[in-house]
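Novice: Provided below are the primary sequence and the corresponding predicted coordinates.
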Amino acid sequence: MTAARNSGEVSPQLELARKLNLLLDVVVAEGNTPYTYRQIEAGLNERGLTLSRARWAYMITGEGPLVTDPALLTGIAEFFRIPPEYMLGSDDDLPERVDAQLAFVKNLRVARVVSFAARTLSDVSPETLRSITELLETDTPNQE
């Protein structure tokens with residue numbers, strides 16, 4: 001375990017992974033199919049940039065070296081139609097579109113889990129189901 005993980009701090013690699021995964025989630029939340037690596041690679045190629053599958057994998061998992069290439073991060077931001085500052089780390093505020101989708105993505109996930117629990121645990125009392133829903137809706141820190 002790294003010192004950053006031991007102290008509760010999130011490493012820069014994990015922060016970049018969080019941002020990328022949030023962007024991927026927003027695409028789905030907006031009613032689109034998830035982007036594949038090939039679509040992202042093609043979008044970057046159109047901008048004169050390259051991205052290997054291995055590099056993309058460690059960017060979205062937060063493992064491996066930190067990607068700081070401004071051209072690549074700007075290209076990714078442009079691909080997702082957000083301000084480059086979000087990916088470059090110079091602006092802590094989430095772009096408005098991403099921020100607006102956060103609650104929706106969370107509620108969508110909660111609804112899926114509750115629906116699954118209701119189908120799977122058919123003999124669970126309504127009170128227990130409500131308790132599960134409340135627990136899932138509670139804002140908790142990201143436990144990556």
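Specialist: All right, it came through fine. Residues are numbered from 1 along each chain as shown.

Novice: residues contacting Leu73?
Specialist: Taking C-beta atoms under 8 Å, 6 or more residues apart in numbering, we find Leu73 in contact with 67, 84, 87-88. The C-beta positions use only the backbone N, C-alpha and C, and glycine is treated the same way.

Novice: quick check: the gap between the residue located most distally from the centre of the chain and Leu24.
Specialist: Of all residues in the chain, Asp123 has its C-alpha farthest from the mean position, at 33.9 Å, by C-alpha atoms, centre = their mean. Distance from Asp123 to Leu24, counting by C-beta to C-beta, to the nearest Å: 36 Å.

Novice: so where is the chain shaky, pLDDT-wise?
Specialist: Residues of the chain meeting the criterion pLDDT under 70: 1-8, 90-106, 109, 137-144.

Novice: please redo it, this time with the cut-off set to 90
Specialist: The model of the chain has pLDDT under 90 over residues 1-10, 15, 18-19, 21-34, 81-144.
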